[in-house]
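Peer 1: would you be able to build a 3D model of this:
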Amino acid sequence: MAKGMKIGERVSRIIAGSANRIVDVLENSTDGVVLEQAIREVVDARDDIRHDLGKVIASIHLTKTKITQLNDDILNLDEQSKIAIEGKRDDLAEAAINRQLDLENQTSILNKTLNANEADKEEFEGYIIALNTKLVEMKDDLQAFKRLKKETCDISDDVISEAENTFNRVMDNSLLSASGSVVSGEEATKLQELSDLTRSSAVSNRLAKMKEGMKSND
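Peer 2: Model prediction:
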């Protein structure tokens with residue numbers, strides 16, 4: 001991506017640019033390099049976003065796979081907890097519940113990541129559509145310019161042909177191609193104790209609910 005520029009800003013700048021960028025270039029310069037840069041700017045932005053989209057899609061797949069695995073592990077631990085309770089081994093049940101809480105926390109984080117990736121995927125796909133539309137518009141502008149200049153004879157056929165060749169060459173090549181705060185040691189210790197106390201309470205509550213639920217099923 002363009003250094004120091006966010007994807008959305010880059011696309012917005014390109015889309016908001018002159019509606020007749022190719023026409024402007026042809027009217028003010030016969031330099032093929034300038035024309036190629038005008039087309040390449042759109043193509044490069046689109047290809048960069050396609051690359052990022054591919055990474056996001058891969059991340060979505062891996063995240064979904066991990067979430068499924070964690071959910072299976074949580075269900076297995078639930079069954080193991082029940083077996084431990086039936087065997088009068090509350091200590092083992094508590095260990096299983098502790099692990100469940102860890103996995104549930106991981107799942108929650110992964111779900112947030114998945115939602116963010118899904119939003120990025122939709123956004124990137126929209127950008128690609130917009131840039132492809134821009135390329136079509138540029139080609140249409142070139143054809144309209146060609147027809148107009150042939151009628152008025154304001155520009156030679158060679159210049160127009162070179163412009164078309166430049167456009168096609170660039171297009172063909174493109175196809176190949178949380179903030180935190182500092183706390184004192186004493187505060188950190190107290191926060192850890194509070195976290196441990198909260199975790200212990202959550203384990204005890206879940207264990208009690210599991211026992212109650214198992215009794216009601218008997």
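
Peer 1: buried set for stretch 90-104?
Peer 2: Applying a neighbour-count criterion of 16 or more other Cβ atoms under 10 Å, one finds Ala93, Glu94, Ala95, Ala96, Ile97, Asn98, Gln100, Leu101, Leu103 buried in stretch 90-104. For glycine as for every other residue, the C-beta is placed from the backbone atoms N, C-alpha and C.

Peer 1: ok, now how distant is the spatially closest residue to the second one that is not a sequence neighbour from Lys121?
Peer 2: Spelled out, it's Glu94. Residue nearest to Glu94 in three dimensions, not counting chain neighbours: Val203, with 5.4 Å by Cβ to Cβ, 6 or more residues apart in numbering. Relative to Lys121, Val203 is positioned 37 Å away (Cβ to Cβ, to the nearest Å).

Peer 1: show me how the chain divides into domains.
Peer 2: Following automatic domain parsing, one finds the domains of the chain at 41-156, 182-218.

Peer 1: mind putting those domains in CSV, distance to Ile15 and mean pLDDT included?
Peer 2: Below are the domains of the chain laid out as CSV (distance: least, Cβ to Cβ, whole Å; pLDDT from 0 to 100):
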stretch, distance to Ile15, mean pLDDT
domain 41-156, 6, 87
domain 182-218, 43, 70
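
Peer 1: follow-up on the earlier one: next, format the buried residues of stretch 90-104 as a markdown table and append secondary structure.
Peer 2: A markdown table is the format used below for these (DSSP: H, G, I helix; E, B strand; the rest coil):
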| residue | secondary structure |
| --- | --- |
| Ala93 | helix |
| Glu94 | helix |
| Ala95 | helix |
| Ala96 | helix |
| Ile97 | helix |
| Asn98 | helix |
| Gln100 | helix |
| Leu101 | helix |
| Leu103 | helix |
